[in-house]
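A.B. asks: after the sequence you'll find the predicted model.
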Amino acid sequence: MLAEKHYRPLLHFTPAFGWLNDPNGLVYKDGEYHLFYQYYPGDSVWGPMHWGHAVSHDLLSWTHLPIALAPDELGMCFSGTATVDTGDKSGLFGGNDGLLAYYTIAAEKLPEDVDFPQSQGLAYSSDNGRHWTKYSGNPVIPNPGLQDFRDPKVFWYEPGQHWVMVVTLGQQIGIYYSDDAKNWVFSSVFGEGHGAHDERAWECPDLFEINVEGSTDSRWILIVGVQREAYAGGSGTQYFVGRFDGKRFVNDNPPETVLWLDHGRDFYATQTWADIPQSDGRRIALGWMSCWPYANHLPTHSWRSAMSMPHELTLKHTVDGLRLHHAFIRELQTAYADSHQLAGMTLSAPATLFEAEWRSALRLTMTITLAENSSLLLTPLQGTQLMLTVQNNQLVLRCLRQGAWGNEAYDQHFPHDYSLELGMNRTLTLDLLLDRCSAELLLDDGRYAVTNLAFPEEGPQQTLRAELTAGTAQIDAEWHVLTQPCLLSEKTE
């Protein structure tokens, strides 16, 4: 297997060493994007959970900071949220602004222990997250008698002048409210009979308001993780579009409607940044780029797992109703180093559109119109194929991935072959971002996102191939070789 140094992404966040999973506490304050994350510094497999911490000014180059939260006598520090307490509504900051972090206290459960080891804890920081104090009254919400009670997301609800917390209650989401950020009252629950479920608990909820593009209207989006039975199998992220009155979420769609935020194998535990200034106006999301059935067995050793490229989310009208659309963050264009263009070509199969060599990262954007019974094959990384086909006036994307390195869990679960139906044939936009071990694809103006890891067995030099294997097509394309704007700093403050 290729040396692991060739797999560390150029543009995606990774830990300097150790294990990483869920993004936690994504918050913006005083010009810094904060990224907290589930972290185990003692090994490159899951272990006693800490909160790692990094900051960035552009969402591409990151400064590693010391561990923010570590296990204590109450338990480990599972996933959660961070938010700016503007005006010291909590009374913890002497009248100044500060940062609040909510996390799940997860006691180690031994056979003789109580059945319900998870509760919600609070920590706070008055120096922009450089130092944290755990609240002396933890837990702020004791366990209500559930095996799975975790992953709080907290925000200030201005119309009601109170804080809101959404948190996993087994396969549902509980909603709590508080006037002072410390004392919490249960208000409602959402989820039974709605969306996708499997035998495991929902995870990592997020709830936020977003404008409907081209309208003065808005909706609320509830994001929820499904651990094992997502669209492409394994872990995945769904979302609901609805209304929220500060205490209750109501789904706009029929309960059986399932909306997937991403249709790949490697986009989970998605969270969005809180407190981005209104002058910016973006809702930026980040996912853990892995999948639980093989996450502990990926072919790296000193470090393991990466975050996705941050996405800008918008809510748009479609023929099926309101749907989220994705775009890679605009800051990505600052990393362009070399560009190529293929304009206005009409081709008949068999034809090779282009072969683009790259070593670290590459971005391809394309507009394509496929005739009936036509197929476009992209080979972005060795062992990975993406095929767009039109049959019976229907567009279908097929995703194939191979991979084996002698580990049973990896070899069994990592390979895949699945399809995504895109509906009626039409001119399609495609945005493909390749990094050393990942292929992230946005289709149809970002309505469909498909995120998949890839670990080529050959050297770091890769070739992106685009081939018309059947029929005819009209194509415009450009691709950009990318460089890292700034090397990761392992600064400690």
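C.D. replies: Yep, that arrived. Numbers count the residues shown, from 1 in each chain.
A.B. asks: spatially, which residue comes closest to Phe149, not counting chain neighbours?
C.D. replies: Leaving aside its sequence neighbours, Phe149 sits nearest to Gln118 (C-beta to C-beta, 6 or more residues apart in numbering; 4.6 Å). All C-beta spots, glycine's among them, are computed from the backbone N, C-alpha and C.
A.B. asks: who does the one you found bridge with?
C.D. replies: When assigned by DSSP bridges, Gln118 has beta-bridge partners Ala106.
A.B. asks: got it, and Ala466?
C.D. replies: Beta-bridge partners for Ala466, by DSSP bridges, are Phe354, Leu378.
A.B. asks: per-residue pLDDT, it?
C.D. replies: We have a pLDDT of 95 for Ala466.
A.B. asks: can you check Ser235 too?
C.D. replies: 96.
A.B. asks: mean confidence for stretch 127-134?
C.D. replies: Averaging pLDDT residue by residue across stretch 127-134 gives 98.
A.B. asks: list the contacts of that stretch.
C.D. replies: Under the contact criterion C-beta atoms under 8 Å, 6 or more residues apart in numbering, stretch 127-134 has outside partners 29-30, 32, 34, 53, 55, 65-66, 68-69, 72, 82, 99, 101, 121-125, 493.
A.B. asks: gap between the two ends of it?
C.D. replies: Stretch 127-134 has an end-to-end distance of 14 Å (criterion: C-alpha to C-alpha, to the nearest Å).
A.B. asks: give me the most central residue, this structure.
C.D. replies: When C-alpha atoms, centre = their mean is applied to the chain, the residue found nearest the centroid is Gly287 (1.4 Å).
A.B. asks: what's the helix or strand for that one?
C.D. replies: strand 283-288 (DSSP states H and E).
A.B. asks: before we move on, what about Leu324?
C.D. replies: Per DSSP H and E: strand 321-328 holds Leu324.
A.B. asks: list the helices and strands the following helix or strand past that strand packs on?
C.D. replies: Next helix or strand after strand 321-328 toward the C-terminus (DSSP H and E): strand 336-348. If you count contacts as 3 or more C-beta pairs under 8 Å, 6 or more residues apart in numbering; DSSP states H and E, strand 336-348 packs onto strand 351-358, strand 472-482.
A.B. asks: just these: most buried one?
C.D. replies: Of these, the one with the most neighbours on average (mean count of other C-beta atoms under 10 Å) is strand 472-482, at a mean of 19.
A.B. asks: please save the CA atoms from that one in PDB.
C.D. replies: Provided in PDB are the C-alpha atoms of strand 472-482 (Å, rounded to 0.1, in the frame of the first residue of the first chain):
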ATOM      1  CA  THR A 472     -22.900  12.100 -28.400                       C
ATOM      2  CA  ALA A 473     -22.400  15.100 -26.100                       C
ATOM      3  CA  GLN A 474     -21.900  18.900 -26.000                       C
ATOM      4  CA  ILE A 475     -19.300  19.900 -23.400                       C
ATOM      5  CA  ASP A 476     -17.700  22.900 -21.900                       C
ATOM      6  CA  ALA A 477     -15.100  22.300 -19.300                       C
ATOM      7  CA  GLU A 478     -12.300  23.800 -17.300                       C
ATOM      8  CA  TRP A 479      -9.900  22.500 -14.700                       C
ATOM      9  CA  HIS A 480      -7.600  24.000 -12.200                       C
ATOM     10  CA  VAL A 481      -4.600  22.600 -10.500                       C
ATOM     11  CA  LEU A 482      -4.700  23.600  -6.800                       C
END
